[in-house]
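> prediction below, plus the sequence it came from.
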Amino acid sequence: MSLDDVLARIDDNLPAATDRLLELLRIPSISTDPAYKEDCDRAADWLVADLNSMGVEAEKRATPGHPMVVGHVGEGKPHLLFYGHYDVQPVDPLDLWDRDPFDPEVQDTDKGRVIRGRGAADDKGQLMTIIEALRAWKEVKGDWPCRITFFLEGEEESGSPSLIPFMKENAEELKADVAMICDTGLFESKTPAIVTMLRGLLGEELTITAANKDLHSGMFGGIAMNPIRVLSKVVASLHDDTGRITVPGFYDGVPELSEELEAQWQGLAFDHASFLGDVGLSQPAGEQDRTPLEMIWSRPTCDVNGIWGGYTGDGFKTVLPSQAHAKISFRLVGTQDPFAIRESFRTMVREMMPEDCTVEFKDHSAGPASGVETDNPMFEPARQALSDEWQVPAAYIGCGGSIPIAGYFQTILGTEPMLVGFGKDDDQIHSPNEKYDMESFHKGIRSWARILDALT
């Protein structure tokens, strides 16, 4: 039996595969809300049963939080690990959904057929592309292409608190030649891609305190220091007039693009005007000597994600607040050290405090960037397989977001990650009315079958 036979079986199986995905989507596996703990367990049980039905030796593994699903099948080289997550984001605000987020359906839209429901694109639909490809492979060929491990998580949307301990405790079992992660997307919704750069993330929250209580601005205005004024100065100082970040030592470890990768990115002909225009903007706001794709994928950033202080309710209150607050995130690249940047940032802010003000900091996330060398012998065959399915040359791209699991595979297991996904820019992940295109689901399954054939 040939690859063409497997692809034909995938086509024939699509209605049943879609029904299975809809069944999984009906389980409200919201990991961050304790009220849905039993539903997360139910989603894990569903996946175990589905894998078992294919002949995979899969089981639910307990953690202090939500369970992991681990399964093994096949033998021989290479050893491929497939990772995905079965938990989903909360659905608030519910009134912005056009239908019950956990009553999914296939809908016809002006852009084609879509699967609508929470988790359709992030990550249940993507996860099932892998499972459905292997189901068809086994049905046609009667055996597995190689040794395969499934590693499915239930806490990705809530910070993965159990992930690192579980990976360390089960490192020998989980080590593989490559870890396939299906949690990314197509470039500009049309070009298949392998993500080779993921930015790290550092999150800082600061509170500046001046007076020991809120003050009347008529009595104290002009003589008392306003912490919002101090905070505004801090925020304004984080970038210079060219968009460059001013935290001392911030650019230590930031690499330049290789000529080969730079040429490939230029060949993508990224339309930044359309990208920004879709959200009502027009001008790139990052470092002015960098291309738009560099700003998104390969350059570090500093952004204020929230800022508050004083009276913000209806009407007006003439008050000098006692405190002002901000949440600031840094996206990191290359070998930037998040902990060194944290200390440099805090030192910079402390030195800006006037005599009557103090500042306190609260840790949030802190993780380095991760990158993959494309000279790994599995990468080029996988890229060609994607090109064959989509009839568009697949690209190696960066990703502006952070997917910590990719770095953990490298640092904990010594396994290189390969990030391949089929999401589209308008999938509305984490938002109301999330969807996954039927094209992405169908061609995603076919893509994995082609990749399996190319690697084995």
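Ah, there it is.

> give me the element residue 346 is part of.
Using DSSP states H and E, residue 346 sits in helix 338-351.

> mind listing what's buried in that helix?
338, 341, 342, 344, 345, 348, 349 (16 or more other CB atoms under 10 Å). Using the backbone N, CA and C atoms, a C-beta is placed for each residue, glycine as well.

> what residues are up against the first one?
Residue 338 makes contact with 200, 201, 202, 330, 332, 366, 367, 368, according to CB atoms under 8 Å, 6 or more residues apart in numbering.

> and the residues you listed, which is the shakiest by pLDDT?
Checking pLDDT across those, the minimum falls on residue 367 at 84.

> circling back: could you dump the buried residues of helix 338-351 to a markdown table with distance to residue 434 and pLDDT?
Shown next, in a markdown table, are those (distance: CB to CB, whole Å; pLDDT from 0 to 100):
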| residue | distance to residue 434 | pLDDT |
| --- | --- | --- |
| 338 | 30 | 94 |
| 341 | 33 | 98 |
| 342 | 33 | 98 |
| 344 | 38 | 98 |
| 345 | 34 | 98 |
| 348 | 39 | 98 |
| 349 | 37 | 98 |
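
> does residue 270 sit in a helix, a strand or a coil?
coil (DSSP: H, G, I helix; E, B strand; the rest coil).

> so it touches residue 188, yeah?
Yes: the pair residue 270 / residue 188 is scored as a contact, 7.2 Å apart, by CB atoms under 8 Å.

> next step: the contacts of residue 338 restricted to strands.
In strands, defined here by DSSP state E, the members of those are 200, 201, 202, 330, 332, 366, 367.

> for the third one, what are its contacts?
This means residue 202. Per CB under 8 Å, 6+ apart, neighbours of residue 202: 329, 330, 332, 338, 341, 342, 365, 366, 367.

> quick revisit: okay, the helix holding residue 346 in PDB with CA atoms only?
Extracted C-alpha coordinates of helix 338-351, given in PDB (Å, rounded to 0.1, in the frame of the first residue of the first chain):
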ATOM      1  CA  PRO A 338      15.400  36.700  31.400                       C
ATOM      2  CA  PHE A 339      16.700  36.800  34.900                       C
ATOM      3  CA  ALA A 340      19.600  39.200  34.100                       C
ATOM      4  CA  ILE A 341      17.100  41.400  32.200                       C
ATOM      5  CA  ARG A 342      14.700  41.300  35.200                       C
ATOM      6  CA  GLU A 343      17.500  42.600  37.500                       C
ATOM      7  CA  SER A 344      18.600  45.300  35.100                       C
ATOM      8  CA  PHE A 345      15.000  46.500  34.600                       C
ATOM      9  CA  ARG A 346      14.400  46.600  38.300                       C
ATOM     10  CA  THR A 347      17.700  48.500  38.900                       C
ATOM     11  CA  MET A 348      16.800  51.000  36.200                       C
ATOM     12  CA  VAL A 349      13.300  51.600  37.800                       C
ATOM     13  CA  ARG A 350      14.700  51.900  41.300                       C
ATOM     14  CA  GLU A 351      17.200  54.600  40.200                       C
END
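
> excluding its backbone neighbours, what's nearest residue 42?
Spatial nearest neighbour of residue 42, excluding adjacent residues (CB to CB, 6 or more residues apart in numbering): residue 27 at 5.4 Å.

> helix or strand for the one you found, which one?
For residue 27, there is no host helix or strand (DSSP H and E).

> just give the nearest non-adjacent residue to residue 149, would you?
In space, residue 149 is closest to residue 81, 4.5 Å off (CB to CB, 6+ apart).

> quick one: residue 12 is in a helix?
Yes: per three-state DSSP, residue 12 lies within a helix segment.

> helix or strand with the lowest mean pLDDT in this protein?
Across the helices and strands of the chain, mean confidence by mean pLDDT, DSSP states H and E is lowest for strand 370-371: a mean of 86.

> quick check: neighbours of that strand in the sheet, parallel or antiparallel?
Next to strand 370-371 in the sheet, as set by DSSP bridges, lie strand 193-198 (antiparallel).

> contacts for the strand it pairs with next, please.
184-187, 297-298, 333, 369-374, 379, 382-383, 386, 394-399, 401-403, 406-407, 418-421.

> what values do phi and psi take at the residue nearest the centre of the chain?
Taking CA atoms, centre = their mean, the centroid of the chain lies closest to residue 403, which sits 4.6 Å from it. When read as degrees, to the nearest 10, the backbone of residue 403 gives phi -120, psi 90.

> dump the residue contacts of it.
So residue 403 contacts 181, 183, 184, 198, 419 (CB under 8 Å, 6+ apart).

> cool, and residue 211?
220, 224, 225, 320, 322, 356.

> residue 394 contacts residue 264, doesn't it?
No: using CB under 8 Å, residue 394 is not in contact with residue 264, being 10.5 Å away.

> what are the ranges of the helices in the stretch 301-450 of the chain?
Secondary structure of the stretch 301-450 of the chain by DSSP state H, counting those that start in this stretch: the helices cover 338-351, 379-390, 404-408, 438-455.

> check the offset of the third one from the chain's centre.
The gap between where helix 404-408 is centred and where its chain is centred comes out at 11 Å by CA atoms, centre = their mean, to the nearest Å.

> which other helices and strands does that helix contact?
helix 163-169, strand 178-181, strand 416-420 (3 or more CB pairs under 8 Å, 6 or more residues apart in numbering; DSSP states H and E).

> for the longest one, same thing?
Contacts of helix 438-455 with other secondary structure elements, assessed using 3+ CB pairs under 8 Å, 6+ apart, are made with helix 3-25, strand 112-116, helix 124-141, helix 379-390, strand 416-420.

> return a ChimeraX selection command for the buried portion of the contacts of residue 403.
Buried members of the contacts of residue 403, defined by 16+ other CB under 10 Å, are picked up in ChimeraX with:
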select :181,183,184,198,419
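
> buried residues in stretch 20-28, which are they?
20, 21, 22, 24, 25, 26, 27, 28.

> got the residues you listed as TSV, with pLDDT and distance to residue 176 columns?
Shown next, in TSV, are the buried residues of stretch 20-28 (pLDDT from 0 to 100; distance: CB to CB, whole Å):
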residue	pLDDT	distance to residue 176
20	98	25
21	98	25
22	98	30
24	98	24
25	98	28
26	98	31
27	98	28
28	98	31
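
> distance to residue 279 added to those, as CSV?
Formatted as CSV, the buried residues of stretch 20-28 follow (distance: CB to CB, whole Å):
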residue, distance to residue 279
20, 35
21, 29
22, 31
24, 31
25, 27
26, 32
27, 32
28, 29
